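Participant: fold the following and give me the result.
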Amino acid sequence: MNPCPRINVLGVGISILNLESVQQQLLDAVDSAGFQGYVTITGVHGVVEAQKDDELKKIHNRSFLTTPDGMPMVWLGNWSGYDHMDRVYGPELMLNIMQFSQMSGHGHYFFGGAEGVAQELEQKLVRRYDGLKVVGTYTPPFRPLTEAEELALHDQLQACRPHFVWVGLSTPKQERFMHNFLAKYPDLAKDWPHGIVMLGVGAAFDFHSGRVKQAPYWVQRSGFEWLYRTMMDPKRLLPRYLRSNTIFIARIFPQMMDLKKYLMPR
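Facilitator: Numbering: from 1, shown residues only. Model prediction:
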């Protein structure tokens with residue numbers, strides 16, 4: 001499968017995609033026997049987190065796809081001449097794939113969220129999309145999985161063979177989990193008639209289960225969704241966004257002006 005071209009954003013390769021093209025890439029992947037890969041859905045926060053951690057940067061750059069989650073990624077793609085590049089927002093992508101798989105029969109597995117969230121998500125989506133095939137859910141502990149827990153997850157995935165594993169953890173926890181799990185079990189889907197793709201969709205679990213209110217569409221497209229989310233949870237998110245946005249702005253303009261170069265390590 002040919003790799004999707006990327007733009008360099010502070011050393012993180014962001015795939016040149018839009019919602020329509022990413023859906024086709026994903027369907028081609030999961031319909032390929034034995035394929036396995038992961039998708040990071042990355043905006044300003046994810047890129048900034050990778051600035052202090054070369055291994056995290058490599059995790060993004062080794063992914064099957066790293067989608068432009070956030071309007072700044074889209075604006076940078078357009079600045080670089082890719083007018084067709086558009087936002088691929090995790091919660092929206094998730095619903096698009098769910099809607100398609102009502103008829104296609106692709107299987108889904110939900111991994112993540114607080115206690116009960118994955119089960120609530122399953123109930124809501126199965127009611128919304130008649131015929132949706134959810135083959136399993138798992139609520140992990142708030143710590144790395146033990147060896148026994150990892151093996152149990154591996155065995156469960158082998159038994160239910162999902163096409164899509166939706167991972168609802170925080171950034172960068174979900175990126176590390178997907179990369180490390182698939183690196184540890186490179187033959188997970190070896191004998192399957194189809195492939196498996198893990199997607200880190202973060203807050204999508206809380207949005208689609210109804211636990212957290214999602215920003216209106218016009219706010220999502222404005223580039224100020226971070227401000228909306230901060231107003232909903234200021235104690236947790238205000239320090240994060242102030243730091244991330246400040247660092248991003250300070251570093252991206254020198255790159256755009258060719259005053260500083262960033263390598264994309266793999």
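Participant: quick one: the strands in the stretch 1-150 of the chain?
Facilitator: Secondary structure of the stretch 1-150 of the chain (DSSP state E, counting those that start in this stretch): strands at 6-9, 12-15, 36-42, 65-68, 107-112, 133-138.
Participant: what distance separates the fourth one from the centre of its chain?
Facilitator: The gap between where strand 65-68 is centred and where its chain is centred comes out at 8 Å by CA atoms, centre = their mean, to the nearest Å.
Participant: now that strand: average pLDDT?
Facilitator: For strand 65-68, the mean pLDDT works out to 97.
Participant: tell me the strands beside it, with direction?
Facilitator: Next to strand 65-68 in the sheet, as set by DSSP bridges, lie strand 36-42 (parallel).
Participant: which of the three states applies to the residue lying closest to residue 33 once chain neighbours are set aside?
Facilitator: Take residue 33 and drop its neighbours on the chain: the residue closest to it by CB to CB, 6 or more residues apart in numbering is residue 193, 5.5 Å away. Just so you know, the C-beta spots here come from the backbone N, C-alpha and C atoms, and that holds for glycine as well. Following DSSP: H, G, I helix; E, B strand; the rest coil, residue 193 is assigned to coil.
Participant: where's residue 53 relative to residue 80, distance?
Facilitator: 25 Å (CB to CB, to the nearest Å).
Participant: quick one: which of those two has more around it?
Facilitator: Per other CB atoms under 10 Å, whichever of residue 53 and residue 80 has more neighbours is residue 80, with 15 against 12.
Participant: now that one: how far from residue 68?
Facilitator: Remark: distance between residue 80 and residue 68 (CB to CB) = 11 Å.
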